[in-house]
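Asker: Using only what follows, build the 3D model:
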Amino acid sequence: MGKKKSVKYELRYEIASERNKIAGYTLIPKNNHSAEAQHMNEHEAFQAIQRHALKGESEEVNSLLLEFPESKREDLKNMLIRSVATHGKTLEL
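Answerer: Predicted coordinates:
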């Protein structure tokens with residue numbers, strides 16, 4: 001009897017650290033610290049906008065939303081409106 005070859009797993013353990021050189025495998029990218037910094041800046045900016053939204057300061061919210069990329073603004077507006085609604089208030093944007 002010969003060794004039975006597993007069809008399910010094609011990765012050999014001795015080259016597991018070199019998967020980036022094997023075609024057909026997707027690797028989880030290494031940690032990108034610049035993306036993490038951008039995420040934290042946007043998170044802090046969103047918290048500031050949320051505080052103004054809860055106070056009902058629509059003009060301030062609109063001016064702070066302009067700091068975000070246009071592609072994110074509509075989603076942020078919807079998030080803010082829902083967030084304020086959970087506190088029983090309304091926000092006009």
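
Asker: next SSE after the longest helix that the chain contains?
Answerer: Criterion DSSP state H: the longest helix present in the chain is helix 33-55. From helix 33-55 onward toward the C-terminus, using DSSP states H and E, the following helix or strand is helix 58-65.

Asker: which regions of the protein sit below the pLDDT cut-off?
Answerer: Applying pLDDT under 70 to the chain picks out residues 1-32.

Asker: redo that, cut-off 80
Answerer: Scanning the chain with the threshold set as pLDDT under 80 gives 1-36, 93.

Asker: re the thing from before, which other residues reach the longest helix of the chain?
Answerer: Identification of contacts with helix 33-55 by Cβ atoms under 8 Å, 6 or more residues apart in numbering yields 60-61, 64-65, 67-68, 76, 79-80, 83-84, 87, 89, 91. For every residue, glycine as well, the C-beta is placed using N, CA and C.

Asker: list the contacts for Lys77?
Answerer: By Cβ under 8 Å, 6+ apart, the contact set of Lys77 is 65, 93.

Asker: let's see 10 Å
Answerer: By Cβ atoms under 10 Å, 6 or more residues apart in numbering, the contact set of Lys77 is 49, 53, 61-62, 65, 91, 93.
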